[in-house]
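1. I'd like to go over a predicted model; first the sequence, then the structure.
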Amino acid sequence: MMLGPIEIEVIRNALNAAAAEMDITIWRTSRSTIVRELLDYSTAVFDAEGRNLAQSARIPGHLNSMTHALRALLADHVPPADWHEGDVVIFNDPYCGGQHLPDILAFRPVFHEGARIAFVGTLCHHIDVGGLVAGSYAAKATEIFQEGLRIPPVKIIEAGRRNEGVWAMIRQNVRKPDLLFGDLSSQLASLEVGAAALSRLAVRFGAAAVVEAGARILDMSEAGMRAAIGRMPDGIYEFEDFLDDDGIALGQRIRLHVKLTIAGETALVDLSGCGTQVAGPTNATLASTNAAVMFALMCCADSSLHMSAGCYRPITVIAPEGLVVNARHPAPVAHRIAVTHRLLNAMNGALHQAVPHLIPAAYYGNSYVTTFQTVQETGAREVLVEIEIGGSGAHPAKDGVNAYASGMHNNANIPVEMIEAQMPLTVLRYGLRDGSGGAGQFRGGLGLVREWRIDSSACFFTANMDRFDHAPYGLAGGGEAAKGALVLRRDGTESPIPPKTDNLKLRQGDVVRLETSGGGGFGPVAERDPEASSRDARMGYL
């Protein structure tokens with residue numbers, strides 16, 4: 001059939017709806033709190049070549065990396081001819097196109113009348129995949145072999161039948177197999193829903209029309225991205241930010257440097273000035289790095305875009321192997337999100353020089369990852385992984401948002417009631433952290449405070465965090481936000497916990513308090529509206 005603009009728009013929205021249906025399926029059927037409550041997962045639809053056509057409104061760090069993962073899978077591991085009806089391939093290996101080991105990707109091909117017309121894909125952060133610590137987020141790992149089970153690209157479903165050997169292998173290597181299998185089954189159900197939606201679309205319009213529409217959607221996204229870049233002033237813009245350290249070489253900061261060149265309708269992002277890869281797990285592979293770069297540029301577009309792989313075409317990334325943004329095997333990468341958060345902050349600092357009216361000050365720029373493995377006297381063990389957030393940076397025209405998922409995040413919180421119903425933990429305090437936002441004409445958003453009391457006979461605590469030495473920056477004369485803090489209260493005495501800690505043994509009655517960073521301020525504080533300052537005082541924000 002002939003495809004006019006109306007048919008293209010119908011198919012485009014149908015693809016978006018398929019991705020959204022897949023999203024809802026995981027939300028309704030998953031088992032662990034990190035997926036079902038914290039919402040650390042993503043879903044997307046791809047063309048037959050592995051390019052993202054549509055995606056759910058989920059995690060930017062996932063969605064802008066899945067094309068990289070699927071195309072690496074097709075090029076190097078499972079070639080197109082080896083995919084058949086009913087197959088599902090999973091993997092989590094960062095050196096096969098993934099990000100870090102807790103993130104298991106699953107892809108399924110979609111066929112119509114014997115021809116492959118698309119792929120559907122899901123990515124879930126699983127509660128544990130083995131390794132040195134519960135939650136598989138070790139802060140002291142020095143090689144990826146210590147971080148957990150590495151799953152190479154493998155067919156977990158082949159022609160509609162379960163590969164029982166793969167399921168058995170996973171079960172033997174993780175701490176909470178029932179929760180992992182519940183979430184993995186949720187991913188498979190989501191793929192089923194997505195494949196059915198694509199099949200219905202092919203029946204209605206024909207396979208050739210769906211394929212053609214996909215190509216035109218990519219072209220439309222490319223044109224929109226080129227136009228947005230073309231409206232930025234040409235020039236070279238540089239900025240840098242720093243991670244505190246890698247948890248091994250304490251106090252040795254890690255540089256994230258961006259050199260952004262805008263030339264006509266193209267952007268060149270040179271990351272050659274970033275620090276070399278480190279011994280600890282604060283490294284990233286290209287899949288993670290590209291996700292941060294693409295997200296930064298798409299976010300500062302001055303008109304609406306259809307988010308697809310077409311947006312990536314005008315953007316070139318230079319990231320030599322061996323840097324912290326393109327780690328070489330077998331570097332550990334569990335805390336790769338810290339690299340991408342900070343890289344996004346550096347990208348925004350460079351973009352502020354080009355389009356200052358669009359770019360906010362630094363957000364909290366970190367995943368405050370905490371893991372509790374409680375141990376009862378009976379020997380029963382439970383695992384909780386929490387990823388806390390902070391305040392967003394102040395915008396050129398308004399205050400930052402308090403305790404709100406920003407940047408590479410799009411998470412929810414795990415409700416206190418859910419934690420206390422399932423774990424021998426009590427949340428004693430959960431609220432805003434006074435004074436944590438950067439001062440300015442527009443104030444940065446506030447971070448949060450959360451306290452957990454240990455109610456089990458023993459507990460092993462792991463933390464993998466940053467922003468304890470290098471605060472989120474302000475812009476245009478705005479002030480820095482507060483740095484993070486992590487404290488243990490035992491028998492009435494408080495002592496700091498290092499922000500990168502593995503398997504700290506806690507006992508019943510101990511209290512852990514986390515204080516997260518706010519966002520940076522924007523503009524000189526002397527120009528702040530007095531009424532806004534009075535309101536801050538009344539609300540207790542100062």
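-> That came through, no problem. Residues are numbered from 1 along each chain as shown.
2. for residue 281, see how far away residue 473 is.
-> 24 Å (Cβ to Cβ, to the nearest Å). All C-beta spots, glycine's among them, are computed from the backbone N, C-alpha and C.
3. neighbour count: the two, which is higher?
-> residue 281 (30 against 24; other Cβ atoms under 10 Å).
4. okay but the more buried one is in contact with residue 247, surely?
-> Yes: the pair residue 281 / residue 247 is scored as a contact, 7.1 Å apart, by Cβ atoms under 8 Å.
5. which neighbours do the two share?
-> Common contact partners of residue 281 and residue 247 (Cβ atoms under 8 Å, 6 or more residues apart in numbering): 139, 335, 464.
6. how about the contacts made by the second one?
-> The reference is to residue 335. Residue 335 neighbours (Cβ under 8 Å, 6+ apart): 100, 137, 139, 247, 280, 281, 282, 367, 369, 464, 466.
7. what does residue 460 give?
-> 133, 134, 372, 373, 375, 503, 504, 505, 506.
8. and the fourth one, that one's in a strand?
-> Looking back up the chat, that one is residue 373. Yes: under DSSP: H, G, I helix; E, B strand; the rest coil, residue 373 falls within a strand.
9. can you report how many residues lie near the residue nearest to it when sequence neighbours are not counted?
-> Nearest residue to residue 373, sequence neighbours excluded (Cβ to Cβ, 6 or more residues apart in numbering): residue 134, at 3.7 Å. Each residue near residue 134 was counted by other Cβ under 10 Å, and the total is 25.
10. could you look up the SS state of residue 134?
-> coil.
11. dihedrals phi and psi, it?
-> phi -60, psi 140 (degrees, to the nearest 10).
12. helices of this protein, start to end?
-> 5-29, 33-36, 60-76, 164-171, 177-205, 207-230, 286-299, 336-354, 416-422, 530-539 (DSSP state H).
13. and those: which comes nearest residue 125?
-> Across these, residue 125 has its closest neighbour in helix 33-36 (5.8 Å, Cβ to Cβ).
14. how far away from the center of its chain is that closest one?
-> Relative to its chain's centre, helix 33-36 lies at 14 Å (Cα atoms, centre = their mean, to the nearest Å).
15. quick one: contacts of it?
-> 26-27, 30, 40-41, 124-127, 183, 186, 384-385, 387, 414, 418-419, 422.
16. residues near residue 61, how many?
-> The burial count for residue 61: 28, using other Cβ under 10 Å.
17. same check, this time on residue 394
-> Neighbour number of residue 394 under other Cβ under 10 Å is 35.
18. was I right about it contacting residue 360?
-> Yes: using Cβ under 8 Å, residue 394 makes contact with residue 360 at a distance of 6.1 Å.
19. any residues in contact with both of these two?
-> 400, 475, 519, 522.
20. any of those residues buried? List them.
-> Among the shared contacts of residue 394 and residue 360, those buried by neighbour count (16 or more other Cβ atoms under 10 Å) are 400, 475, 519, 522.
21. so who does the last one touch?
-> The one in question is residue 522. 360-361, 393-396, 440-442, 444, 474-476, 478.
22. same question, the first one
-> Taking Cβ under 8 Å, 6+ apart as the contact definition, residue 400 lies against 360-361, 363, 391-394, 437, 442-445, 518-521.
23. not counting sequence-adjacent ones, nearest residue to it?
-> Closest to residue 400 by Cβ to Cβ, 6+ apart is residue 445, at 3.3 Å.
24. need phi/psi at the one you found.
-> Dihedral angles for residue 445 - degrees, to the nearest 10 - are phi -70, psi 160.
25. quick one, what contacts it?
-> Residue 445 neighbours (Cβ under 8 Å, 6+ apart): 363, 390-394, 399-404, 437, 518-519.
26. which residue in those has the weakest pLDDT?
-> pLDDT across these is lowest for residue 404, at 92.
27. how near is it to residue 459?
-> Residue 404 sits at a distance of 29 Å from residue 459 (criterion: Cβ to Cβ).
28. which of those two has more residues huddled nearby?
-> Under the criterion of other Cβ under 10 Å, the comparison of residue 404 against residue 459 puts residue 459 first, with 25 against 17.
29. circling back to that earlier point, return the member of the buried ones among the shared contacts of residue 394 and residue 360 nearest to residue 160.
-> residue 519 (48.6 Å).
30. isn't that closest one up against residue 394?
-> Yes: contact criterion Cβ under 8 Å: residue 519 and residue 394 qualify, at 6.3 Å.
31. residues shared between the contacts of the two?
-> 360, 361, 400, 437, 438, 444, 445.
32. quick one: residues contacting the fourth one.
-> With Cβ under 8 Å, 6+ apart as the criterion, the residues that contact residue 437 are 391, 394, 399-400, 402, 443-447, 481-482, 518-519, 521, 541.
33. give me the low-pLDDT residue ranges for this structure?
-> Residue ranges of the chain with pLDDT under 70: 1.
34. try 80 this time
-> 1-2 (pLDDT under 80).
35. so how far is stretch 424-441 from its chain's centroid?
-> 22 Å.
36. can you list the buried residues in it?
-> Neighbour-count burial for stretch 424-441 [16+ other Cβ under 10 Å]: 424, 425, 427, 432, 433, 434, 436, 437, 438, 439, 440, 441.
37. ok, the residue nearest to residue 373 - contacts?
-> Contacts here follow Cβ under 8 Å, 6+ apart; on that basis residue 134 touches 128, 175, 371, 373, 381, 383, 460, 462.
38. next, count neighbours for the nearest residue in space to residue 500 that is not next to it in sequence.
-> In space, and not counting its chain neighbours, residue 500 is closest to residue 247: 3.3 Å by Cβ to Cβ, 6+ apart. As a burial measure, residue 247 scores 27 neighbours (other Cβ under 10 Å).
39. what count of nearby residues applies to the residue nearest to residue 463 when sequence neighbours are not counted?
-> For residue 463, ignoring the flanking residues on the chain, the nearest one in space by Cβ to Cβ, 6+ apart is residue 501 at 4.7 Å. Neighbourhood size, residue 501 [other Cβ under 10 Å]: 19.
40. likewise residue 476?
-> 18.
41. what's the spacing between it and residue 310?
-> 33 Å.
42. likewise residue 442?
-> 34 Å.
43. who wins for neighbours among the contacts of residue 134?
-> residue 128 (27 neighbours).
44. since that was my last question, I'll sign off now.
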